[in-house]
Each structure stands twice: as C-alpha cells, then as structure tokens.
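[1] Fold the following for me, if possible:
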Amino acid sequence: MHSPGSKSPASPTPNVLAGQPEAEGLSAISAQQCKSGLAAWLGWLFDGLDMHLYTLVATPFVMQLLHAQSSSDLDVRKYSGIIQAAFLVGWALGGGFFGRVGDLMGRTRTLNLTILTYALFTGLSFFSQTWWQLCIFRFLAALGIGGEWAVGASMLSETWPKRWRPWMAAVLQTGVNIGVLLATGVVSGVAWIGQSAGAEHTERFVFLAGILPALLTLWIRKQVPETAEWRKARMESVGRQPGVADLFRGSVRSITLRTLLTCAVTLTAHWAFLFWYLFHLRDLPEVRSWGAAEKSFLASKAMFVVMGFSIFGNFLAAFMARFIGYPRAIAILCAAYFGIMFTAYSVPRPLDQLWFFLAAIGSCQGIFALFTMYLPPLFPTLLRTTGAGFCYNIGRIAAAAGTVVFGVLPLMTGKTAISDYRSALYYASFLFIPACLIALTMPELKDEPGKPA
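    Numbering: from 1, shown residues only. You can find the predicted model right below:
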C-alpha cells in the first residue's frame, strides 16, 4: 500500500491496459476507450448546455420572477447573482459528493446519476414561480454538473493513453464549448419563436431543452463498461483508502494548497466574467433601448463568439502544455487573461469595440481544459480523484462568493449606478495575477512524453 506521503506527487497514472504498450494512433484505440471517451464528451457537452441556459436568460427571467420593470433594478442584479452563486456552490458540492460516489459505485453508474440529476432539475426550472424556487432548482442541477466533471475526467484518465493527456483535455473541454453554443441556439430559437408568435416572457421555455441529456443515460447503461482500473483499485484498496485529511499531510499538503489556491482564484475571476459580461452588454448605452428579443439575440451572439474562440483556445493550451509543460502554460494563459480583460474593461467601450476583446478572452479559456488532465496525476493514486475533485471544486465555492462580491463591489466603492457592470469585470481581472504567480510554483508531470523522468 502507498501511504499518502510516500509517493511522488507526479507519479505515473496506471493505464487500463496494464502490461500493453500505449496506443500510438487512433487505429489502436479499443472499443471500450472509444465508448468511454464518447460518453464523457457527451456528458460534458450537455453540461455546457444545461449550465449556460440560465446565464443567457438570467436578466429577463429574474425580472419576470420579481415583476421588475428594468434590468437596472437593484433586486434583479442581487438575486441574479445569488442564484448563480447557489449554482456554483452546488457545482462544488456535487463534485465532492459524486466524486465519492464514483469511487464507491464505479464511473459508469455514477455518470448516469449525475446526468439524470442535472437534466431533471434543469427541466424543473421551467416551473419556477419565484426567484428562490429557481435558486433551489439551479443548485440541485449543479450537483449533477459538478459531479459529471469529476467522473468524466476520471473515466478518461483511466482508459486513454497518458501521452495524449493534453489533447484529451482539449477535446473534452470542446464538448462544454459546443454545449454552450447549443444553449445559445436554444435561447435564440425560443426568442425567435416567441417574437414570431407575438408572445412575451418566453425565457422559461429554454429550460425544457435541459431534459434532453437524460436520454444519454439509456445508451451509457447498455454500451459503456466500467473501467478495469476502477475494478482493480476497488479490490486492492478495501479498508486501506486514504481520506480527505491525507491531502493535508506529508508532501501532499504543499500540492494540495497550491492547487487549491490556483483553482480558487482562476475560477473566481473566470466565472465573474462569464456571468457579468452579458449583463454589461445588455446595459450598454446603445443597447438599453432594445427589446427583450433583440437583447437575447445579442447575448447569444456574444456567447457564440466567446465559446467559439474557446474551442481554439483549448487546442492552443494543449499545444503549449505539450511543449512547455502545464505550469508554464497555465501561467501564460492567466497573464494573457488578465491583460485582455483588464484592457477591455478599464475604460467604457462601445459595443463594436468589445467583439475583439470577447474573442481574445475566449482564446484564453483553454486554461480550464488543462486542469482536467493536469490535476489528477499530481496526487498519489489512492488520493487522485479525491485530491483533484476537492481542489477544483472548493475553487468553485470561492467563485460563487466572487460572483456576488464583484456584482456589488461597484456599489461598495461609491459607484451608485447599478449599470456599472464594467467595474465588476475590471476588478475581477486582477485575480489572474496571483493565479499566474502560484501556477509557476506548481510541479511538472514527470511521466509526460518529453519531460524528465
């Protein structure tokens, strides 16, 4: 048995096909690897769909629930932020809870549970009549979304060749990006249908699309086998599984603390951008007089630009990690994210100037693809899922607090205009500076091709 502190944090990940050479090309990939990869990718795609349906309709839907007359209403901003914060807390708790369930029940069954959870409660958001009902449904949906991240990442790390980690991370994150693009299509389609029919307040109908992922579980149950590595680990670790406390003992403690800090500050700044930039666009002087449908189309277009360039950013990040290593790639992307976001929101800008910055910010978001494959191997084998899930998801709790804090920060600093969303984005950008510095202290994975043994 390996004790938590007895093994190098950068120890190699056992391959599911132990004793056999790793696949060098796609033709050597087994049917099990293809099915597990497709299941994880589709799970992340529907993650992206369900997580961003609310982001795209937050302003008009919360206005409807509060019976508010303007998007500049103080309560609209406050309760929209609270709902998003509850979602991020649910995401964090779901990652920890379902991560543990995944260790006990297996990856495949837990993947089904997570998808059913977020599909059910996203669909139930349609029936919300008050802001707190929507808050509860978003929190419960997030439990499944957070859990799917941990389970999907573990499934791929246990079945696919380790030399492909950077590209696997890029492809997996692309599933999220395409899911977000699907969400923009759903929102635009609902807005167009509502406008054509002369109907108002159609925002709640977008949540019905969130039920679709439940159909995926029918295929997973029949076609995706449990990973051999989990079965083996389950048999060998009976009565010897280390706990969460072991993350803070021995040589693992330093890895845990640095990983925790890196995830916390990057996710806080990132989610502050993802949530408040759409509010900022909707409240630009030249946009305020637009109708609800026109604003929805604008939000969808902006999300399409950010996510479209995020797909490019995933592969850019993978390329960087492959040749300069994960820590330096993460640090460079943090520095770039700061510089672009700081410049974009340091002064008021008209809508036509913001499109370039949105594309550039999207290109920096490949940093979060790298976390998927970088974090698990930092921890000893029997603490791998626990460590990665704990550090990444505690970071989401910090992001939840940040979503609210950066939303009200302009008011706290004496800026009484509720429309000053630009300041929230400006202040949030500075968090990427410490993230960059901490990332430079992180260890490299020594089992990566081309890296020192």
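[2] now stretch 201-210: how far from the chain's centre is it?
    Centre-to-centre, stretch 201-210 and its host chain are 22 Å apart (CA atoms, centre = their mean, to the nearest Å).
[3] Start at 342, not 1
    All right, first residue 342 from here; so that's stretch 542-551.
[4] What distance do you get for the residue located most distally from the centre of the chain to Ala634?
    The outermost residue of the chain relative to its centre, with distances by CA atoms, centre = their mean, is Gly539 at 35.6 Å. With the distance defined as CB to CB, to the nearest Å, Gly539 ends up 11 Å from Ala634. Quick note: C-beta positions are derived from backbone N, CA and C, even for glycine.
[5] how many neighbours does Pro626 have?
    10 (other CB atoms under 10 Å).
[6] How about the secondary structure of it?
    coil (DSSP: H, G, I helix; E, B strand; the rest coil).
[7] Nearest spatial neighbour of Glu489, chain-adjacent residues omitted?
    Thr455 (4.0 Å; CB to CB, 6 or more residues apart in numbering).
[8] hang on, the earlier thing: just the pLDDT for the residue farthest from the centre of the chain.
    Gly539 carries a pLDDT value of 79.
[9] What of Arg763?
    At Arg763, pLDDT is 88.
[10] ok, it - contacts?
    Counting by CB atoms under 8 Å, 6 or more residues apart in numbering, Arg763 touches 621, 686, 689.
[11] how about a cut-off of 10 Å?
    617-618, 620-621, 624-625, 685-690, 751, 756 (CB atoms under 10 Å, 6 or more residues apart in numbering).
[12] now do Leu557
    Counted by CB under 10 Å, 6+ apart, Leu557 has contacts 380, 383-384, 386-387, 452-453, 456-457, 460.
[13] any idea which of these is closest to Thr782?
    Nearest to Thr782 among the contacts of Leu557, counting by CB to CB, is Gly384 at 32.4 Å.
[14] That closest one contacts Gly516, doesn't it?
    Yes. In this structure, Gly384 is within contact of Gly516 by CB atoms under 10 Å, at 7.7 Å.
[15] Please identify which of the two sits among more neighbours.
    Per other CB under 10 Å, whichever of Gly384 and Gly516 has more neighbours is Gly384, with 30 against 23.
[16] Looking at the more buried one now. What's its pLDDT?
    88.
[17] ok, back up a step: which residues are in contact with each of Gly384 and Gly516?
    Common contacts of Gly384 and Gly516, defined by CB under 10 Å, 6+ apart, comprise Gly493.
[18] re earlier: tell me the helix or strand right after the helix or strand where the residue nearest to Glu489 lies.
    Secondary-structure assignment from DSSP states H and E places Thr455 in helix 448-465. With elements assigned by DSSP H and E, the helix or strand that comes after helix 448-465 is helix 472-500.
[19] isn't Gly535 right next to Phe638, touching?
    No. Gly535 is not in contact with Phe638 according to CB under 10 Å; the separation is 11.7 Å.
[20] packing partners for the helix or strand containing Leu394?
    Using DSSP H and E, Leu394 sits within helix 372-407. Helices and strands touching helix 372-407, by 3 or more CB pairs under 10 Å, 6 or more residues apart in numbering; DSSP states H and E, are helix 415-446, helix 448-465, helix 472-500, helix 506-538, helix 557-564, helix 593-623, helix 633-665.
[21] For that helix, buried residues please.
    373-374, 376-378, 380-407 (16 or more other CB atoms under 10 Å).
[22] so Ile702 sits right up against Ile708, yeah?
    No. Applying CB under 10 Å, one finds Ile702 not in contact with Ile708, separated by 11.2 Å.
[23] Right, I'll leave it there.
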